[in-house]
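>>> Structure, please.
(one chain, ligands or ions: 2)
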Amino acid sequence: MQLLIKGGRVIDPAHSIDGHLDVYIEDGTIARLGTDLHVPGAQILDASGLIAAPGLVDIHVHLREPGFEAKETVATGCAAAAKGGVTTLVAMPNTRPATDCPEIVALVRDKAAPTGVNVLPAGAVTVGQKGQELTDFAALKAAGVPALTDDGVPIQNLALLRQAMRGAKKLGLPLLDHCEDRDMVQNYAVNEGEASRKLGLPGRPAIAEELQIMRDVMLAEETGAHVHICHISTGKGVDIVRQAKARSVRVTCETCPQYFTLTEDEVFRQGAMARVNPPLRTQADVEAIRAGLADGAIDAIVTDHAPHTAGEKSKPLPDAPSGMVGLETSLALSLTGLYHSGLLPLSRVVSLMSASPAALLGLDKGTLGMGRDADLILFDPNLEWTIDKEKFVSKGRNTPFHARTVRGKVKYTISQGNIIYQED
Ligand code: DOR
Ligand code: ZN
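Ligands and ions are numbered 1, 2, ... in the order given. I've put the predicted structure just below:
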């Protein structure tokens, strides 16, 4: 199939391209970028007024299948990804059974194949994510996992974690690290501070995240493993990563729209809908996260898309599960919070959501280079719209952003040359 995208502004941060160009796609790959291209017989997509950018690469998504299909399935999660402009995603292994062996990796990939979204399941670090026995890293790598993680149930046994880092380093696999000390956070619902005080609940302290980041940065430095800190939420956490990078430790990190947009106050207004791990923090933390995105201490924006059922999320705050969906709102929230606010140029927002996360996992994605997979999105960066959870294609409706007005909307999502989403 031949597709000619005409009249758009092409942003390809990996090649420092930002200009009005046509994009010609042939047989699923980028064949040519140029001005006034004419290709007889090609299907033409009019992109005037739109940005053409690499398909988004979201390296932190919970698809829930196998085991929790009431929350989400691979099919519904991938539909939400396509609608949000995500063409490649890393699926977290806290499924049931956990994604701790090649068979489950294959099952998730097989379910994803017909969706057109490139799904890369991450492998669990420990068998059943129980934190006791390491999985077979080599077998998981051979099955195609891009990284290892026990996200959702972070490893607390340091001897085991050190051994995991050594093994991961040997195979060139990054470790995606949810940092919160389990004893300090237990199953608490909100940030320790104003939120916990006013609600009279025990809280999850910032130091529980920061200590574990510090600990794991030190282990990364000692073992030489690539440790990637998941969903960073505190200012001091960002400082630790910034300082470690300055000493050339192999550490990278990500954050999510909720951490540069919302504060712990949201739990007073929205209760369990604003419950997430790590929790929403203070205004000072929000500002520090924004500063980290601006100065490069933070490498990527991900969603931590964590669907739960309406029934689960309607429980009282202390009993409801943590997590919020994000795939259908992440580009708009990032454009609104980071670009329209004047903090970052458009190309940097695009990079944080595509080229940069792809590069840190060594994926051949996130750019519009010649001969690369034609994974791209066309979006209107300015279009104002109001988030409506009832319109989500994800099974999860658990967003704290319902009824919020944002700017920036995906019009087309193209994966390997096929249009997998088109706004109606
Ligand atoms: O809020 C969260 N929800 N944080 C996690 O680390 C896991 C996730 C989930 O699986 O629901
Ligand atoms: Zn996590």
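>>> how far does whichever strand or helix holds A112 sit from the chain's center?
Taking DSSP states H and E as the definition, one finds A112 inside helix 102-112. Once both centres are worked out by CA atoms, centre = their mean, to the nearest Å, helix 102-112 turns out to sit 20 Å from its chain's centre.
>>> Which SSE is immediately downstream of it?
Remark: after helix 102-112, the chain's next helix or strand is strand 118-121, criterion DSSP H and E.
>>> got the contact list for that following strand?
63, 74, 78, 87-91, 93, 99, 104-105, 108-109, 112, 144-146, 363, 365, 375, 415 (CB atoms under 8 Å, 6 or more residues apart in numbering). Any C-beta I mention is one placed from the backbone N, CA and C, and that applies to glycine too.
>>> sorry, back to before: give the other helices and strands that the helix holding A112 contacts.
Using 3 or more CB pairs under 8 Å, 6 or more residues apart in numbering; DSSP states H and E as the contact definition, the elements that helix 102-112 packs against are helix 74-84, strand 118-121, helix 137-142.
>>> Number of residues surrounding A79?
22 (other CB atoms under 10 Å).
>>> do A284 as well
Residue neighbour count, defined by other CB under 10 Å, stands at 11 for A284.
>>> so what's it closest to, chain neighbours aside?
Among residues not flanking A284 along the chain, G235 sits closest, at 6.0 Å (CB to CB, 6 or more residues apart in numbering).
>>> does ligand 2 sit close to the lengthiest helix in the chain?
If each helix of the chain is counted by residues according to DSSP state H, the longest one is helix 206-223. No. Interface with ligand 2: helix 206-223 contributes nothing (CB under 5 Å from the ion), its closest point being 10.6 Å away.
>>> what about that helix, distance to the chain center?
Averaging C-alpha coordinates over helix 206-223 and over its chain gives two centres that are 21 Å apart (CA atoms, centre = their mean).
>>> How about stretch 194-214?
Here the centre of stretch 194-214 is set off from its chain's centre by 23 Å, with CA atoms, centre = their mean.
>>> anything in it near ligand 1?
No. Applying CB under 6 Å from any ligand atom, one finds that stretch 194-214 is not in contact with ligand 1, the shortest distance being 10.7 Å.
>>> quick one: buried residues of that stretch?
By neighbour count on 16 or more other CB atoms under 10 Å, the buried set for stretch 194-214 is 194-196, 199, 203-206, 208-214.
>>> Local confidence estimate at the residue nearest to S322 when sequence neighbours are not counted?
The shortest distance from S322 to any residue that is not its chain neighbour, by CB to CB, 6+ apart, is 4.2 Å, and that residue is N277. If you check N277, the pLDDT there is 98.
>>> likewise the one 5 residues further on?
The predicted structure scores T282 at 99 on the pLDDT scale.
>>> isn't it right next to G193, touching?
Yes. The pair T282 / G193 is scored as a contact, 6.5 Å apart, by CB atoms under 8 Å.
>>> residues shared between the contacts of these two?
Common neighbours of T282 and G193 (criterion: CB under 8 Å, 6+ apart): E264.
>>> before we move on, the earlier item: state the phi and psi torsions of the residue nearest to S322.
Note on N277: backbone dihedrals following degrees, to the nearest 10 are phi -110, psi 130.
>>> What separation is there between it and ligand 1?
With distances defined as CB to the nearest ligand atom, to the nearest Å, the gap from N277 to ligand 1 amounts to 4 Å.
>>> Reformat the helices and strands packed on helix 102-112 into a markdown table and put mean pLDDT and distance to K6 next to each item.
Listed next are the helices and strands packed on helix 102-112 as a markdown table, based on pLDDT from 0 to 100; distance: least, CB to CB, whole Å:
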| stretch | mean pLDDT | distance to K6 |
| --- | --- | --- |
| helix 74-84 | 99 | 22 |
| strand 118-121 | 98 | 26 |
| helix 137-142 | 98 | 41 |
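>>> what's the closest residue to A320 other than its chain neighbours in contact with, if anything?
The spatial neighbour of A320 that comes closest, neighbours along the chain excluded (CB to CB, 6+ apart), is A272 at 3.5 Å. Counting by CB under 8 Å, 6+ apart, A272 makes contact with A189, K313, S314, K315, P316, L317, A320.
>>> And the residues you listed, which two are furthest apart?
Taking every pair in the contacts of A272 and measuring CB to CB, the maximum separation is 14.3 Å, between A189 and S314.
>>> Between the two, point out the one with more neighbours.
With other CB under 10 Å as the criterion, A189 and S314 differ in neighbour count, and A189 comes out ahead with 28 against 13.
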